[in-house]
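# Provide a 3D model corresponding to the input given below.
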Amino acid sequence: MKTFFLYLLLGANALLVLMNMTSFSAAPGGEPDRLSSQLHPEKLKIVGHGDDAPVAEHAATEAPAAEPEPAAAASEAVHATESAPAETPPSKPLSLACVSWGGLTKAQADAISLRAKGLSFTAKPQTVTGSSSWWVHLPPQADRAGADKKGEELRALGVSDFFIVKDAGANQNAISLGLYKSEESANRALEALKAKGVRSAKIEARDASSIKLEVTGPADQLAGFSSDTSSRVPNAPRTNCTPAR
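Numbers count the residues shown, from 1 in each chain. Below you'll find the model as predicted:
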């Protein structure tokens, strides 16, 4: 009987060893399957402790933006006021002046007008007709022979400064004794001829046209322009005039 139980115990132990080696001691698939079935700790993430952390995070997400404080709003208003452009005071009307030049030729007047308009000045030309010279002469003779005869008579009286006008026209065959810029000078020459015995000589005023130019502009700018222009036409008299509006 003892022998029977001994063999039974040995058989049970052998069966237990066999079961441990096949079913209970090995994971399905062997050692690799057992390792892959383990948890991965590096993928774990701790969200928080307790119930307070998620609530705080949710409250921070839904909280509205804070309104600017009154002091900040006032600072922005002051900055906007300082940045606004200042109003420009009304400009004072320009003080105008006028200068005129007389006795100009057309070329001179055109040159001055062009320079004046380039500076935004107003240029107003005006044609003036008047006596520009006085001519002392003997009236025209009937023909050239008569003019030559008068010339011989003048030489006999000691007058050699003359010439016979040859150009066709009203004064052809007249004898010119001089052209003078002023009437006073012409009268002195005539008296000197009479003193030599020349009786038929006379004076004739010769008219010529010239241009008077008025230029109006700001007084401070016109002063320099006026001085420069007078240096270019020194023989043209310069006067002040009433500014053109």
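# which outside residues touch stretch 227-236?
99, 101-104, 108, 111-112, 115, 215, 238 (C-beta atoms under 8 Å, 6 or more residues apart in numbering). In this view, the C-beta of every residue, glycine as well, is placed from N, C-alpha and C.
# end to end, how far does it reach?
End-to-end span of stretch 227-236 (C-alpha to C-alpha, to the nearest Å): 12 Å.
# repeat for stretch 135-142
Separation of the first and last residues of stretch 135-142 by C-alpha to C-alpha is 20 Å.
# what's in contact with it?
Counting contacts by C-beta under 8 Å, 6+ apart, the residues outside stretch 135-142 that touch it are 147, 149-150, 165, 170-180, 186, 189-190, 193, 198, 200-206.
# okay, buried residues for it please.
Judged by neighbour count using 16 or more other C-beta atoms under 10 Å, the buried positions of stretch 135-142 are 135-138, 140-141.
# can you check stretch 172-190 too?
173-175, 177-178, 180, 186, 189-190.
# with stretch 154-164 instead?
Residues 154, 159, 162, 164 are the ones in stretch 154-164 that count as buried (16+ other C-beta under 10 Å).
# could you export that stretch as CSV, CA atoms only?
Presented in CSV, the C-alpha positions along stretch 154-164 are these (Å, rounded to 0.1, in the frame of the first residue of the first chain):
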residue,chain,number,x,y,z
LEU,A,154,30.8,174.3,-96.8
ARG,A,155,34.4,173.5,-97.3
ALA,A,156,35.0,177.0,-98.4
LEU,A,157,33.5,178.2,-95.0
GLY,A,158,35.8,175.8,-93.1
VAL,A,159,33.2,173.0,-92.5
SER,A,160,34.6,169.6,-93.4
ASP,A,161,32.6,167.3,-91.0
PHE,A,162,29.6,166.5,-93.2
PHE,A,163,28.4,163.9,-95.7
ILE,A,164,25.8,163.7,-98.5
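# which ones are touching the nearest residue to residue 120 once chain neighbours are set aside?
Spatial nearest neighbour of residue 120, chain neighbours left out: residue 217 (7.3 Å); criterion: C-beta to C-beta, 6 or more residues apart in numbering. Residues in contact with residue 217 (C-beta under 8 Å, 6+ apart) are 96-97, 116, 119-122, 225.
# mind running it again at 10 Å?
94, 96-99, 116, 119-123, 223, 225-226, 243-244 (C-beta atoms under 10 Å, 6 or more residues apart in numbering).
# sorry, back to before: list just the nearest of the buried residues of stretch 172-190 to residue 13.
If you rank the buried residues of stretch 172-190 by distance to residue 13 using C-beta to C-beta, residue 180 comes first, at 168.6 Å.
# ok, and the closest non-adjacent residue to the closest one?
If you skip the residues right next to it in sequence, residue 180 has residue 186 as its closest partner in space, 4.2 Å away by C-beta to C-beta, 6+ apart.
# then the one you found would be within a helix, right?
Yes. With DSSP: H, G, I helix; E, B strand; the rest coil as the criterion, residue 186 is assigned to a helix.
# quick revisit: residue 211: which of the buried residues of stretch 135-142 is nearest?
residue 135 (22.8 Å).
# returning to that earlier point: same list (the buried residues of stretch 172-190) but as a markdown table, adding secondary structure, distance to residue 232 and pLDDT.
What follows is the buried residues of stretch 172-190, written out as a markdown table (DSSP: H, G, I helix; E, B strand; the rest coil; distance: C-beta to C-beta, whole Å; pLDDT from 0 to 100):
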| residue | secondary structure | distance to residue 232 | pLDDT |
| --- | --- | --- | --- |
| 173 | coil | 41 | 95 |
| 174 | coil | 37 | 95 |
| 175 | strand | 39 | 95 |
| 177 | strand | 35 | 95 |
| 178 | strand | 31 | 93 |
| 180 | strand | 27 | 91 |
| 186 | helix | 30 | 94 |
| 189 | helix | 33 | 95 |
| 190 | helix | 36 | 95 |
